[in-house]
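Asks: here is a sequence together with a model predicted from it:
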Protein chains: 2
Amino acid sequence: MSLTGTRVVDFTRIISGPFCTQLLADLGADVIKIETAAGDPLREQGKKVEGLSWYYAGYNRNKRSIAIDLRHPDGHEILADMIASSDVVVENFRPGVMAAMGFSDERLRKLNPRLVVCHISGFGSSGPYSHRPAFDFIAQALSGFMSVNGNADDLPLRSGLPVSDLVAGLYGALGVTAALAGLREDRAFRSLDISLTDGLVSLLSYMAADTLATGEPPQRSGNDHPLVAPYGLFRTADKPIAIAPSNDAIYARLLNAIGRDDLATDPRFDTNEKRMADREAIRLEIEPVLMTASAEEWIERLNEGGVPAGPVLTIPEMFDDPQIRHREMVLPVPHGPHGTVRMLGFPIKSTPGSCEMRRPAPALGQHGDEVLGELGYDRDRIDTLRAKGALR
Amino acid sequence: MSLTGTRVVDFTRIISGPFCTQLLADLGADVIKIETAAGDPLREQGKKVEGLSWYYAGYNRNKRSIAIDLRHPDGHEILADMIASSDVVVENFRPGVMAAMGFSDERLRKLNPRLVVCHISGFGSSGPYSHRPAFDFIAQALSGFMSVNGNADDLPLRSGLPVSDLVAGLYGALGVTAALAGLREDRAFRSLDISLTDGLVSLLSYMAADTLATGEPPQRSGNDHPLVAPYGLFRTADKPIAIAPSNDAIYARLLNAIGRDDLATDPRFDTNEKRMADREAIRLEIEPVLMTASAEEWIERLNEGGVPAGPVLTIPEMFDDPQIRHREMVLPVPHGPHGTVRMLGFPIKSTPGSCEMRRPAPALGQHGDEVLGELGYDRDRIDTLRAKGALR
């Protein structure tokens, strides 16, 4: 796989950092998860089955775990040895915590002049808010994301997913991978500084472009497209479906597919501007036709007619959908005493394969002996470290 | 920069593909945008200033453009030459279109046995929906994203941003970069297959894990956290602020910061479960205190007290925020006759730099002569191609 042979020392916990290192691990990197005796708090979050949090299991697949007392001088020495022999360090503490632990960028560079370090934090490691406590919701609010999510008459709305955490994890993985790609042979120390807020801001797309061009804030428009009508959720005989005719040509196909070609020349609806001006009027023409057949029938007919249309699925429905099943977006993973855990699949599909399941998420400290053995620590030394409490 | 020396032949248009190649270009790759005489439709979308769409300008910075008649045999030959001498091809046509143009994966492999190809589509290049027309909104609906976005009493809600397009672009860039990283010296052909739907599914996080563990669909919870209370938007003397006390320790800090330590032992609120059961009751204790001072004052005080809190900004407010300005999330880019265009900055910050602005978005076909010259085409040949209509 792409990152086989790359070793990552992983100080991350909860979501954004572990998602970043999960992506690196899925791509083949050897990710060594550094935990304390308490373990990643995620081990205790989410629904457990047979004593295992499936939330933890998903974000920590393909990783190994070593549990170290980070305040013990011998624990510190183990980390220094690991960092010296690795390619990447990833951490998502609040800015300054790594330095307070004795691992400033300066120290890291001394330990390993070829290291790629990736810091992930709420606001970044510099600037007036860098030392504020952060959380996904705060980044969503600050970034402008919430201002364009939701219905016009309601308050700004967060995403149901911790989207800023996840996007920051993706940018972290991209930054690390790009640094590894570019400098495979002649690598110099590089320190990346990824923020939850910057990541979401970077996705503001035409909302940002139009705002910068005009100075005007975009409005929330719920399920309506801000620039196109008709568009959105429409009722059928059983349940609503999503229809997205994004331009005049596809609008014409929609009219054809529902047997309402007459509307094409109706002076009330013959331009997108007119349809935008009275979204309800065009809906009142279209929806009664859609209500004569089921969602499934209309999705079939509209897609055949070249109109993007699809169901609005709950998460369990999505997991049962034939396309999602075909794409193997759920993986069953044998997890020893915890049974078979089902978790999200790999979104990077490739031929030959880029990602694979090599090992389930580790128990706390499961690979301590193995990892230290690879560093050249002998049995006696490992036993002594454990007796001293530096290693769990 | 990381991808300096990597050449990308870029067949993409609109958002998901161009965002992918923008990330590669920002990281240093030489991205050659293949356009037809009509140009990327994005050139005509979004707000224009001095004749230039700022939406187009943002997504196409750092790229070069060549305009080719894709149906002309000589146009086809130019593309084959470019592909043979490049590292990466990225495209976001509907599955099958590249093959119909004469560039199936098989042909691409023959042209360049070391190529990394990245296909981006709505549902992926295989499976029962692979040939359906796709659009961001349909992927949001199918993926389950909409089922957890929005208020409990409303319909499922799309994200205000085209989030599935953008996440697919990020995965495409990560997959390409990982392929380049792993196989720098001994590279074999690799074909990536990225879907808007798979990308969003992969972000379902604890929503997916809990669903797989229990079979129960998660509920929409608007701005409330599904597992924690209090949490959300709270009114102050002037405007609402976001507060995210994600665990009991931070809840205690919140009570301290607002001078309501008494609530810590109030039997109505002494566990998260009790607070979740009646979110309004705890809000009625907290909000009256918050309404005695401004949003700015409370954000300052809460952050000092270790409670994640922040403003809910519109996009123009966000661009004026001191943290966002410090992080240079808006870049002014001189754009020749179109004046200075302001666009989103780079979310991957690094020392030394990973991303930089090297050139503004290209005019249609601006680099045709230059690119063909680099391929070894002489002046006569280029003039002939242009006279024949193969090159614009």
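Replies: Now that the structure is in, tell me what you want to look at. Residues are numbered from 1 along each chain as shown, chains lettered A, B, ... in the order given.
Asks: what segments of the stretch 51-200 of chain A are strands?
Replies: Assigned by DSSP state E, counting those that start in this stretch, the strands in the stretch 51-200 of chain A fall at A:52-53, A:63-67, A:88-91, A:116-121, A:190-195.
Asks: which of the ones you listed sits closest to chain B?
Replies: With CB to the nearest CB as the measure, strand A:190-195 is the member of the strands of the stretch 51-200 of chain A nearest chain B (4.3 Å). The way it works is simple: take the backbone N, C-alpha and C, and place the C-beta from them, glycine included.
Asks: quickly run through the sheet partners of the closest one, with directions.
Replies: strand A:116-121 (parallel), strand B:349-351 (antiparallel) (DSSP bridges).
Asks: redo those as CSV? Include distance to residue B:140.
Replies: Shown next, in CSV, are those (distance: least, CB to CB, whole Å):
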stretch, distance to residue B:140
strand A:116-121, 26
strand B:349-351, 29
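Asks: of the ones you listed, flag the one that's most buried.
Replies: Of all the strands paired with strand A:190-195, strand A:116-121 has the most neighbours on average by mean count of other CB atoms under 10 Å in any protein chain shown, namely a mean of 27.
Asks: what does that strand rub up against?
Replies: Defining contact as CB atoms under 8 Å, 6 or more residues apart in numbering or on different chains, one finds that strand A:116-121 is touched by A:12, A:16-17, A:20, A:87-95, A:98, A:105, A:108, A:125, A:130, A:134, A:168-169, A:172, A:175-176, A:179-180, A:187, A:189-196.
Asks: mind listing what the residue positioned nearest the centre of chain A touches?
Replies: By CA atoms, centre = their mean, chain A has its centre lying nearest to residue A:166, at 3.1 Å. Going by CB under 8 Å, 6+ apart, residue A:166 touches A:15, A:16, A:19, B:203, B:205.
Asks: highest neighbour count among those?
Replies: Compared across the contacts of residue A:166, residue A:16 has the highest neighbour count, 30 neighbours, by other CB atoms under 10 Å in any protein chain shown.
Asks: who are the contact partners of that residue?
Replies: Taking CB under 8 Å, 6+ apart, we find residue A:16 in contact with A:92, A:120, A:136, A:164, A:165, A:166, A:168, A:169, A:172, A:196.
Asks: could you list the low-pLDDT ranges of the stretch 101-250 of chain A?
Replies: For the stretch 101-250 of chain A, the stretches with pLDDT under 70 are A:183-186.
Asks: now do the same for the nearest residue to residue A:18 once chain neighbours are set aside: its pLDDT.
Replies: Nearest residue to residue A:18, sequence neighbours excluded (CB to CB, 6 or more residues apart in numbering or on different chains): residue A:59, at 4.4 Å. Confidence at residue A:59, expressed as pLDDT, is 98.
Asks: just residue A:257 next, same as before
Replies: For residue A:257, the pLDDT comes out at 98.
Asks: enumerate every residue touching residue A:22.
Replies: A:31, A:58, A:59, A:60, A:61, A:62, A:63, A:169.
Asks: from those residues, which is closest to chain B?
Replies: Chain B lies nearest to residue A:58 out of the contacts of residue A:22, by CB to the nearest CB, at 5.2 Å.
Asks: burial measure for that closest one, as a count.
Replies: Neighbours of residue A:58 using other CB under 10 Å come to 26.
Asks: who's in contact with it?
Replies: Going by CB under 8 Å, 6+ apart, residue A:58 touches A:22, A:341, A:343, A:344, A:361, B:208, B:209.
Asks: may I ask which of those residues has the most neighbours?
Replies: Counting neighbours by other CB under 10 Å, residue A:361 comes out on top of those with 30 neighbours.
Asks: and it, how close does it get to chain B?
Replies: From residue A:361 over to chain B the distance is 11 Å, taken as CB to the nearest CB, to the nearest Å.
Asks: likewise residue A:296?
Replies: Distance from residue A:296 to chain B, by CB to the nearest CB: 13 Å.
Asks: what is the neighbour count of that residue?
Replies: For residue A:296, using other CB under 10 Å, the count is 14.
Asks: and residue A:382, what pLDDT?
Replies: Predicted confidence (pLDDT) for residue A:382: 98.
Asks: which neighbouring elements make contact with the helix or strand hosting it?
Replies: Assigned by DSSP states H and E, residue A:382 belongs to helix A:379-388. Packing partners of helix A:379-388 (3 or more CB pairs under 8 Å, 6 or more residues apart in numbering or on different chains; DSSP states H and E): helix A:73-84, helix A:368-374.
Asks: returning to what we had before: state the pair within the contacts of residue A:166 that is farthest apart.
Replies: A:16 and B:203 (11.8 Å; CB to CB).
Asks: go ahead and confirm the residue nearest to residue A:18 touches residue A:42.
Replies: Yes. Between residue A:59 and residue A:42 a contact is recorded at 6.4 Å, counting by CB atoms under 8 Å.
Asks: compare these two (neighbour count), which wins?
Replies: More crowded of residue A:59 and residue A:42, by other CB under 10 Å: residue A:59, with 30 against 22.
Asks: check what pLDDT residue A:52 gets.
Replies: Residue A:52 is given a pLDDT of 97.
Asks: OK, contacts around the nearest residue to it once chain neighbours are set aside?
Replies: Nearest residue to residue A:52, sequence neighbours excluded (CB to CB, 6+ apart): residue A:338, at 3.9 Å. Residues near residue A:338 by CB under 8 Å, 6+ apart: A:49, A:50, A:51, A:52, A:57.
Asks: can you add distance to residue A:307 and neighbour count and give those back as a markdown table?
Replies: Shown next, in a markdown table, are the contacts of residue A:338 (distance: CB to CB, whole Å; neighbours: other CB atoms under 10 Å in any protein chain shown):
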| residue | distance to residue A:307 | neighbour count |
| --- | --- | --- |
| A:49 | 41 | 17 |
| A:50 | 46 | 12 |
| A:51 | 48 | 8 |
| A:52 | 44 | 22 |
| A:57 | 40 | 26 |
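Asks: quick check: residue A:50 touching residue A:336?
Replies: No. Contact between residue A:50 and residue A:336 fails when scored by CB under 8 Å: they sit 9.7 Å apart.
Asks: can you say which helix or strand has residue A:9 in it?
Replies: If you go by DSSP H and E, residue A:9 is part of strand A:7-10.
Asks: which SSE is immediately downstream of that strand?
Replies: Next along the chain after strand A:7-10, taking DSSP H and E as the criterion, comes helix A:16-26.
Asks: for the host helix or strand of residue A:323, packing partners?
Replies: Counting by DSSP H and E, the element that carries residue A:323 is helix A:322-326. In terms of contacts (3+ CB pairs under 8 Å, 6+ apart), helix A:322-326 is packed against helix B:196-201.
Asks: helices and strands around the helix it packs on, which ones?
Replies: Short answer (3+ CB pairs under 8 Å, 6+ apart): helix B:196-201 packs on helix A:322-326, helix B:136-142, helix B:163-182.
Asks: mind listing the shared neighbours of residue A:59 and residue A:42?
Replies: Between them, residue A:59 and residue A:42 share the contacting residues A:15, A:18, judged by CB under 8 Å, 6+ apart.
Asks: give me the nearest residue to residue A:391, chain neighbours excluded.
Replies: The shortest distance from residue A:391 to any non-neighbouring residue, by CB to CB, 6+ apart, is to residue A:385 (4.2 Å).
Asks: list the contacts of the one you found.
Replies: A:74, A:78, A:372, A:377, A:391.
Asks: which residues touch the strand holding residue A:9?
Replies: With contact meaning CB under 8 Å, 6+ apart, strand A:7-10 is reached by A:17-18, A:21, A:24-25, A:29-34, A:63, A:79, A:82-83, A:85-90, A:176.
Asks: lovely, talk soon.
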